[in-house]
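In: here is a sequence with its predicted model. Questions after.
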Amino acid sequence: MSDATALDHADAMIEQAWGRPITELEKAAPRLPVEDAMLRAAMHHRSHLVVVSNSIAAHQDRLHTLTRPGHVPAFYDLDRITASASALRTAYAEINTAVQMIRHVIDARELALTTEGDPDAERVRAATARSSRVPHPLGVPADQPAPPATASVAQTVTNRL
């Protein structure tokens, strides 16, 4: 059995799909305007994977501390052991889901790249072009004052019992 973690597996998948080291891709992903929406999505899922990996390490350490050899757990430790084991199982499920999400993003990218002549590829490119635009701020620009609010007569409210 290898010592590769889910994060190592995800890094290898991402590096293979984009053909560049993960350190370069980490720098390229948050750039605005978005140059590669699929890369940004994959790196977003990877950052979630990093957080969950750290969570797994913390839960494993806690479980190892509570169930170390020669230690008889106290009654109140049983709830802690159960909670940590449950949180560890949840974290493993989250990490598997994150790896699947990365795989789906990579598959979608490969499908978009292989169907260049397909009309659906035009829609993918158009959607990518729309998502790469810098979003326009809503409302009035900061250098202009807000228009005054209109005054209106307040209606009286009566209690009806």
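Out: That came through fine. Source: prediction; values computed, not measured. Numbers count the residues shown, from 1 in each chain.
In: three-state assignment of residue 54?
Out: Following DSSP: H, G, I helix; E, B strand; the rest coil, residue 54 is assigned to helix.
In: no, scratch that, I was asking about residue 4
Out: Residue 4 carries the three-state label coil when classified by three-state DSSP.
In: report how many residues lie close to it.
Out: Look at residue 4: counted by other C-beta atoms under 10 Å, it has 10 neighbours. Quick note: C-beta positions are derived from backbone N, CA and C, even for glycine.
In: shaky segments in the chain?
Out: 1-3, 32-33, 116-161 (pLDDT under 70).
In: biggest helix in it by residues?
Out: Longest helix of the chain, by residue count under DSSP state H: helix 75-114.
In: which strands and helices lie in contact with that helix?
Out: Identification of packing neighbours for helix 75-114 by 3 or more C-beta pairs under 8 Å, 6 or more residues apart in numbering; DSSP states H and E yields helix 6-18, helix 37-66.
In: what's the next secondary structure element after the first one?
Out: Past helix 6-18, heading to the C-terminal end, the next element that is a helix or strand (DSSP states H and E) is helix 22-28.
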